[in-house]
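Asks: Prediction below, plus the sequence it came from.
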Amino acid sequence: MSQVIVMIRCKELKAFGYLLTQGRHCMRAYTIFRRLANKASRPALSRRTLLSCLLWLAVCAALGALPWIAVESMIANEQRAFDKAISTDAMSIAGGYAQYLTRSIEQMDQVTMHIKFDWEKSHGMLRLDDLVARGLFTAPQFVLVSIADRTGRIVTTTAHPEQSGSIAGHLYFQLHKNNISSALHIAPPEVDNLSGKTVIRFTRRLDANDDKFDGVVVLSVEPEYFSAFYDGPSVGNIDFLAAVGADGIPRSSRIGARSYTPTMPALRRIPAFGRQGAAGTFALNGGRWLDAEWFTDNERRFVGWQTLTAYPLTVMVGLSERERLLRYAQSWITYRRLAAWSSAMLVMSVLVAAFMAGRLARKKQQARSVQAAYRLATESGDEGFYMLHPLAAEDGLIMDFEIMDCNARGAALFDMTKAEFLGRRLSWNYSADDFSRTLVAYRRAMASGRYEEEVQYSSGSRSRMKWARRKIVRSGDALAVTLCDITEAKAQERELIRLANTDELTGLPNRAWLMKFLSTALEQAAQTDGALALLFIDLDRFKEVNDAFGHSAGDALLREAAQRLQSTLRPADHIARFGGDEFTVVLHPAGGESEAVRVAERIIQALGQPFQLAGGIDQIGASVGISLYPRDGDTAEALLKNADIAMYAAKAEGKGACCIYRQELYESIKARVGIERALAEALEVDQFILHYQPRIDAATGKLLSLEALVRWHHPQRGIVPPMEFIPLAESTGLIVRLGALVVEKTCRQLAQWRAQGLPLAPVSINVSAVQFHHGGIYDVLAACMERFRIGPEWIELEITESAMLGDHAGIAGKLAAIQALGIKLAVDDFGTGYSSLSQLQRLDMDVLKVDRIFTAELGKKAESIVLFKAIVSMAHALGMRVVAEGVETQQQAHLLRALGCDELQGYLISRPVPPGAVPALMHGALLVFDAGSRYAILPGSEIETGYALAE
Ligand code: C2E
Ligand code: CA
Ligand code: CA
């Protein structure tokens, strides 16, 4: 602001100066602006932005200058008017002054003329004091009137008391004396000796009668007399007023109230006034500016002058510029202030506008680069991108969309180029039905601003996608749509779901699927009050087949079983492989118990048919448990558990049966669980004892060895036979501990008998399949033999056929390791499993124990003898001893002996006996034959009636 004021004070180039300053401000503002802009965005301002900045600055400067130009031209106008006015004023005042002075001097002229006449008429007798007394010369301006004679001596004067003296020395005196003219002379100002005042003398020559010089009349007047005019209204306080004689000496001059004397002039130089106004002189009339250096008060003035026509005087009137300008200056200050304000405001608003425009430009630029980046991203992206414009009916309802823009990928998804694709309608891609569904989604996006979904394209669609993720976002009154081809992902997802829910082996749904399906089916059934039946199917003897023929045969069997199930059931029934050899069938809706049973029977019948396997034809069969919703449970878990229980019951009833769940079944299973727990406890406290059953030499009837058979000495139930707990121990894994216990008890018993000095017989120990495969039987045997110092010749192992089938190499290795200890191995229950003799030969077994069903057949059917004979001869060929189990009759004993069987075992000879009864068996023959080998008799017993050996 201070700068602005300084500018207003300056007379010249103010506006320009201000503009320069403004310009500097602008430059500074621009630098700051640029710096800010640089700071705001790292990349340098673009050329375009720079140019627009410069443009803004130019606009800023132009707008800033505008008020100034207006004001300054206004002021210039006023200045011109002022100049004109001041010159007119000065010259008219000068004119007035000239008239005034002429009149005043005319007065003097007349007075001096009057005195001259009076003087000449009175012949030098005129007394001036008389004239004073008559009232003349009373005006204050008259300082003194005197008359001097031809010598210059003053003869009369208005001074009081009259004074004498000479004026002969004065210039004017000489002038009049030597000049015949009687014209009035106006002398330059001089200091009057008598009054001490500066006076101007008006003098006139006095003539004698002969026209000779007779003296001079002198009228002394104060210079103020000339300038009394000054007090007029048109003259200002510091205006200049002067009357200059033709001699160039001012007669009077004053500035304001102050009068100046020739010694102290108001004008430093007096211009020469000439008629031509030649160079260096002023014209007789005129006006011009005189700069400050002309005046002793250093004030610039416009000076108007006029040379009097009647007298050799020129008047000058100088009007102070400063004083006259004052009334203008105030308004000019106001104008310039206004200009300053408005230009500041304009500049400010332009700067603000520039800033805003800059920001807008930046934003636009950013938006453009974002747009470019976005386009780049969408072009290179994998997603189809589209801009759609709604096409509305007259009532405003959107009926279709037009494709305004898309990326290349977007068109490619429809096997088109972008050019072909643009401008098409959305409806183009859909059948009428699909389009009406699609339109709903698009309308929803239009209303809510956003819509996202996965869409499946029907075969009628022109898209190459089958599945897409569609994102619709409203942008203004258009829609931005992104399509991502998820066909592959969907396929993978479906495949994953399928895999997660499918049993790979059979292709049937698996357990996971079943659980999900059951829960939804149950919900549905609950809502519709419907019934549902769950069939739990377990293949009988699958494990045996799997073990006998290997896993691939097992797998083939399962596949075949699954196929049979599928072909047995209606398409609406749901089959799943539950795991292992277990399948489930859900009948939903179910007709009731009878229908479920019918289905179960069909299943059993289908699975009961022989299976054609790689290892031969085999029959397996299945057991089915049935549970019904809502009667047997209302959750998937409950129904499954109960069907499973029913299935167990069916198995227990004799395989190949179906059983419907009943509460009692649950009870029996519970009992089984109770037994399991009791068995575990029995192992803890050792409630097991061993009984021993002898094996005798068929030839001599003497004891050859003993078989250790375990019994559970139950505190309440007494002696529990092994068939009641061995299978349970096997299925729970307790058999491993139980088996180890039997080995230990056997060794301990042998050691005890040895300690008692009894003759020892080898003891054979039964090893179950689980124990053989997982029980670490080798280590147990080795440890016990070592502990009780029992030699291997005293121990034999009995292993069932099925336990030895399966992984041949592994089993053979285990058997060989045991044999390497020196222990003999026997095949137990031969004839019930799947082994052939050649298989057994490869395993290098020592003893073959033929199952008691073969023994039981002997003597009943003729073929049984042939079969047994074949077994015996083949076993002998393989280097195995043959033991017949279950010999109950003398006839059997006799026949076996005749068939070449090596050893006999059975109730005929002895039931299994407690250890205390064993020593009694050790001496003598346990069976004797008559001399012709026709009869086999127990010592001390009768020959069986009806017993006769076939010849
Ligand atoms: P196994 O190995 O076949 O044992 C012979 C079974 O037949 C014994 O039944 C025995 O009492 C019975 N027996 C013997 N002679 C005759 C006869 O003339 N007629 C009839 N009907 N039966 C006869 P037990 O003691 O009830 O044993 C049954 C099964 O339990 C055994 O069959 C064996 O497989 C298993 N077992 C017994 N003790 C053990 C053991 O310590 N460990 C293992 N793993 N299994 C054992
Ligand atoms: Ca046995
Ligand atoms: Ca046996």
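Replies: Good, I have the coordinates. Ligands and ions are numbered 1, 2, ... in the order given.
Asks: Residue numbers of this protein in contact with ligand 3?
Replies: Those residues of the chain that sit near ligand 3, judged by C-beta under 5 Å from the ion, are 828, 829, 885. Where you see a C-beta, it was placed from the backbone N, CA and C, and this is true even at glycine.
Asks: same thing but 6 Å
Replies: Neighbours of ligand 3 within the chain, by C-beta under 6 Å from the ion: 828, 829, 849, 885.
Asks: From these, keep the buried residues only.
Replies: Those of the residues of the chain next to ligand 3 that meet the buried threshold are 828, 829, 849, 885, by 16 or more other C-beta atoms under 10 Å.
Asks: For the third one, which residues are in contact?
Replies: Taking C-beta atoms under 8 Å, 6 or more residues apart in numbering as the definition of contact, the neighbours of residue 849 are 798, 826, 827, 828, 829, 830, 883, 884, 885, 905.
Asks: The first one: helix or strand, and which one exactly?
Replies: Per DSSP states H and E, residue 798 falls inside strand 795-800.
Asks: That strand - which strands sit beside it in the sheet, and in what orientation?
Replies: With DSSP bridges as the test, strand 795-800 is paired with strand 763-767 (parallel), strand 824-830 (parallel).
Asks: Which stretch among those strands approaches ligand 1 most closely?
Replies: Closest approach to ligand 1 among these (C-beta to the nearest ligand atom): strand 763-767, 3.4 Å.
Asks: Can you tell me what sits against the closest one?
Replies: In contact with strand 763-767 (C-beta under 8 Å, 6+ apart) are residues 692, 695, 705-710, 739, 742-743, 746, 749-750, 775, 777, 794-799, 803, 826, 828.
Asks: pLDDT below threshold where in the stretch 1-150 of the chain?
Replies: Residues of the stretch 1-150 of the chain meeting the criterion pLDDT under 70: 1-45.
Asks: Residue 462 and residue 554, how far apart?
Replies: Distance from residue 462 to residue 554, counting by C-beta to C-beta, to the nearest Å: 51 Å.
Asks: of these two, who's got more company?
Replies: Using other C-beta atoms under 10 Å as the criterion, residue 462 and residue 554 rank with residue 554 on top: 21 against 13.
Asks: element containing the more buried one?
Replies: Using DSSP H and E, residue 554 falls within helix 551-568.
Asks: Closest residue of the stretch 51-200 of the chain to ligand 3?
Replies: Using C-beta to the ion, the closest approach of the stretch 51-200 of the chain to ligand 3 is made by residue 52 at 108.2 Å.
Asks: I'd guessed that residue sits against residue 357; true?
Replies: Yes - using C-beta atoms under 8 Å, residue 52 is in contact with residue 357, at 7.3 Å.
Asks: Tell me the span between the first and last residue of stretch 188-200.
Replies: 6 Å (C-alpha to C-alpha, to the nearest Å).
Asks: Name the residues that touch it?
Replies: In this structure, residues lying in contact with stretch 188-200 by C-beta under 8 Å, 6+ apart are 143-144, 159, 163, 165, 170, 186-187, 201, 220-223, 225-226, 245, 247, 249-252, 261-262.
Asks: Which ChimeraX command selects the buried ones in those?
Replies: In ChimeraX syntax, the buried subset of the contacts of stretch 188-200 is picked out as below (16+ other C-beta under 10 Å):
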select :143,144,159,170,186,187,201,220,221,222,223,225,226,245,250,251,252,262
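Asks: Just the ones in strands from the contacts of stretch 188-200, please.
Replies: For the contacts of stretch 188-200, membership in strands holds for 143, 144, 186, 201, 220, 221, 245, 250, 251, 252, with DSSP state E as the criterion.
Asks: Quick check: bridge partners of the fifth one?
Replies: The bridge-partner assignment for residue 220, based on DSSP bridges, gives residue 144, residue 201.
Asks: if I look at it, how far off is residue 311?
Replies: For residue 220, the distance to residue 311 equals 17 Å [C-beta to C-beta].
Asks: Then the fourth one?
Replies: Relative to residue 311, residue 201 is positioned 14 Å away (C-beta to C-beta).
Asks: What number of residues are in the vicinity of the residue in the stretch 101-250 of the chain positioned nearest to ligand 2?
Replies: Proximity of the stretch 101-250 of the chain to ligand 2 (C-beta to the ion) peaks at residue 238, 155.4 Å away. Counted by other C-beta under 10 Å, the residues lying close to residue 238 total 19.
Asks: Shouldn't it be within a helix?
Replies: No - judged by DSSP: H, G, I helix; E, B strand; the rest coil, residue 238 forms no part of a helix; its state is coil.
Asks: which residues does it contact?
Replies: Counting by C-beta under 8 Å, 6+ apart, residue 238 makes contact with 255, 256, 297, 299, 320, 322, 323.
Asks: quick one on the thing from earlier: nearest residue to the residue of the stretch 51-200 of the chain closest to ligand 3 other than its sequence neighbours?
Replies: Once flanking residues are discounted, residue 52 sits nearest to residue 361: 6.4 Å by C-beta to C-beta, 6 or more residues apart in numbering.
Asks: Quick check, residue 324 in contact with residue 82.
Replies: Yes - the pair residue 324 and residue 82 passes the contact test of C-beta under 8 Å, sitting 7.0 Å apart.
Asks: more neighbours, the two?
Replies: Set residue 324 next to residue 82 and count neighbours by other C-beta under 10 Å: residue 324 wins out with 20 against 17.
Asks: Any stretches of the stretch 651-800 of the chain with poor pLDDT?
Replies: Low-confidence segments of the stretch 651-800 of the chain (pLDDT under 70): none present.
Asks: can you list the residues of the stretch 601-750 of the chain near ligand 2?
Replies: Neighbours of ligand 2 within the stretch 601-750 of the chain, by C-beta under 6 Å from the ion: residue 707.
Asks: so where do the strands sit in the stretch 601-750 of the chain?
Replies: Using DSSP state E, counting those that start in this stretch, the strands of the stretch 601-750 of the chain run over 611-613, 616-618, 622-629, 658-660, 688-697, 703-714, 718-720.
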